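Visitor: Take this sequence and fold it.
(chains A and B)
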Amino acid sequence: MSADQNFQMLLSGVVGLLIVASLIGWILGKRVKTDETRSVVANLQARVNSWWLMVAFLAAAFWLGQVTTLVLFGFLSFAALREFITLTPTKPSDHTALFVAFFIIIPSQYLLIGIDWYGLFSIFIPVYAFLCLPVLTARTEVVDQFLERVAKIQWGVMIAVFCISHAPALLMLDIPGYENQNFLLLFFLLLVVQMSDVLQYVCGKLFGKTKIAPVVSPSKTVEGFVGGGLLATLLGTCMYWITPFNPWQATLISLAIVLMGFFGGLTLSAVKRSLGAKDWGVMIQGHGGVLDRMDSVCFAAPIFFHITRYFFA
Amino acid sequence: MISTVLISVVRFLVGAYPRWQGCQPAATQRIYFANHTSHVDTLALFSAIPDEFRRTTRVVAARDYWCGSPVKQYVAEKGFNAVFIDRKREDKTCDPLLPLCEVLAKGESLIIFPEGTRGQDDKPGPFKGGLFHLASRFPKVELVPVYLDNLNRIMPKGTKFPVPLICTVHFGEPMQRDDDETKEQFLERARQAVEKMA
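Guide: Below you'll find the predicted structure:
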């Protein structure tokens, strides 16, 4: 079977599953009585909706090409950075730096993927933005909490732009014998990360007893992490045939994705709590939470990208 | 047309998500009064009101600023249903609130920024008297305090471009003027109603 047929089959399968998931969510939504079950169902519905969005992204990547994918991910970074900075206390003297972050750094980072300039893509934010953004702030001569402010802006840009951009950057890898199939890597990454998230959640609800991080992320348990992580690794292994990896390589790489996704959820939860919010979307009823859905992708994408690039490209 | 474009741009940049805390969107005739920190807030508040009620809601805008160029005036009139008010009154005999009274007499709602000018702070500054006079002349109109958060970060005074942060538009509990209240007491109470939501 060709890569195109593979992808269309996978996409149909996923869409079928999502229709079932949406129906279940809808029926459960009609039947819930208590507040506790209502929040569980709302969580399920939010997840399913965000998967629809990811499937739409993948379909766009497949049918409309690389430029559309980059534009879509650019908007995703925009929304994520907007959430991050909204919860971060900044001062009027940070205005120029923030303007540059939103309107110059985001387009540039995705443009660099578009023109296939890997060298600059990989250091543009860690080196150039890191050195230049604080200069724009220092120039205003407001030193109150200077280090905190520039550090927070740099963190936001790293997470929301640099890390997220590594997902569509998979499209620019040249893997011998795997030409024109790179969107399957993007599919593989999102599938393993998202299934790991949801399986950990389900296993945690079913068997969870021992909390891993009661302060930072009360819903994460050892049982949920081990059970969900292993199942997701197994799923990734079973999907080896859509990737350039052999089965045991797919196992190790899936494990890396699962671990990084877990670390991402944990770390961004700590960041969020230190900014005084429980959900990134807390300020925006029903509209927010891009980072709630993307936290594990943020951490998994760069590592998956670099493992694949180093060993296979 | 231009109104739809403006509202889409505002939603994309600053969100302008409404949060109806003290009242619900309704066809009731209202005067929305809000804190004023940047040019974006006029549009943010306007965008946060649902479509069907926005058509009959007019925004009070300063004539000296918004009629300064044909483009600005066009944007103000077509984009957000502006009704102009003279801040620097040359002719002391005419009533500056007259255009607003005409709007209210027609049964339409108003959006006003009683601080009169853009403040520097998150907290609203002292209110000018216009709100009091309108409330006295139209006692049946609901007075809805509105607090716009984050707007002083989106476009601080003196900057030319907005930074896209999420702005929430908080609608508070409607209030009315008490008969035995002085102008100063009423204006301070109204100011506190906005500040309370900060």
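
Visitor: Not counting the helix or strand that A:Val100 is a member of itself, show me its contacts.
Guide: In the assignment (DSSP states H and E), A:Val100 maps to helix A:95-100. For helix A:95-100, the external contacting residues (CB atoms under 8 Å, 6 or more residues apart in numbering or on different chains) are A:85, A:90, A:132-134, A:136-137, A:139-140, A:150, A:153, B:156, B:159, B:161, B:163. The way it works is simple: take the backbone N, C-alpha and C, and place the C-beta from them, glycine included.

Visitor: Looking at these, which are in helices?
Guide: A:85, A:132-134, A:136-137, A:150, A:153 (DSSP state H).

Visitor: ok, of the residues you listed, which one's closest to A:Arg273?
Guide: For those, the residue nearest A:Arg273 by CB to CB is A:Ile85; the value is 17.0 Å.

Visitor: By proximity to chain A, which residue of chain B wins?
Guide: Residue of chain B nearest chain A, by CB to the nearest CB: B:Pro156 (3.8 Å).

Visitor: that older thread, Produce a PyMOL select command limited to the buried residues of the contacts of helix A:95-100.
Guide: Entered in PyMOL, the line below selects the buried ones among those, by 16 or more other CB atoms under 10 Å in any protein chain shown:
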select buried, (chain A and resi 85+90+133+134+136+137+150+153) or (chain B and resi 156+163)
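
Visitor: Get me the contact residues on chain B for chain A.
Guide: B:15, B:17, B:19, B:150, B:152-153, B:156, B:159, B:161, B:163-166, B:168 (CB under 8 Å from any CB of the partner chain).

Visitor: Buried among the residues you listed? Make that a ChimeraX selection.
Guide: Selection of buried members from those for ChimeraX, criterion 16+ other CB under 10 Å:
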select /B:15,17,19,150,152,153,156,163,164,165,166,168
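
Visitor: Strands - which of the residues of chain B next to chain A land there?
Guide: B:17, B:19, B:168 (DSSP state E).

Visitor: The residues of chain B next to chain A into a markdown table, with extra columns for distance to B:Asp180 and pLDDT?
Guide: Supplementary listing: those in a markdown table, determined by distance: CB to CB, whole Å; pLDDT from 0 to 100:
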| residue | distance to B:Asp180 | pLDDT |
| --- | --- | --- |
| B:Gly15 | 41 | 81 |
| B:Tyr17 | 38 | 82 |
| B:Arg19 | 33 | 84 |
| B:Asn150 | 37 | 80 |
| B:Asn152 | 35 | 77 |
| B:Arg153 | 40 | 83 |
| B:Pro156 | 40 | 79 |
| B:Thr159 | 44 | 82 |
| B:Phe161 | 48 | 84 |
| B:Val163 | 46 | 88 |
| B:Pro164 | 46 | 87 |
| B:Leu165 | 42 | 86 |
| B:Ile166 | 41 | 84 |
| B:Thr168 | 35 | 85 |
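
Visitor: so how far is B:Lys157 from the closest residue to chain B within the stretch 1-150 of chain A?
Guide: In the stretch 1-150 of chain A, the residue that lies nearest chain B is A:Pro92 (3.8 Å; CB to the nearest CB). A:Pro92 is 8 Å from B:Lys157, where distance means CB to CB, to the nearest Å.

Visitor: neighbour count winner among the two?
Guide: Neighbour count, other CB atoms under 10 Å in any protein chain shown: between A:Pro92 and B:Lys157, A:Pro92 has more, with 16 against 13.

Visitor: how about the helix or strand encompassing B:Phe132: buried residues?
Guide: Following DSSP H and E, one finds B:Phe132 within helix B:130-137. Judged by neighbour count using 16+ other CB under 10 Å, the buried positions of helix B:130-137 are B:130-135.

Visitor: What is the neighbour count of residue 173?
Guide: Answering for chain A, as no chain was given. A:Leu173 has 16 nearby residues by other CB under 10 Å.

Visitor: could you do chain B instead?
Guide: 14.

Visitor: Determine the three-state secondary structure at it.
Guide: On the three-state scheme (DSSP: H, G, I helix; E, B strand; the rest coil), B:Glu173 is labelled coil.

Visitor: distance of it from B:Leu143?
Guide: Counting by CB to CB, the gap from B:Glu173 to B:Leu143 is 10 Å.

Visitor: again, but for B:Thr57
Guide: B:Thr57 is 14 Å from B:Leu143, by CB to CB.

Visitor: And the helices in the chain?
Guide: No chain was given, so I picked chain A. Going by DSSP H, chain A shows helices at A:3-31, A:35-64, A:66-86, A:95-100, A:106-114, A:118-123, A:130-138, A:146-157, A:164-165, A:182-207, A:222-238, A:247-274, A:290-312.

Visitor: hmm, I had chain B in mind actually
Guide: B:2-14, B:39-48, B:51-54, B:63-66, B:70-74, B:80, B:98-105, B:130-137, B:151-154, B:183-195.
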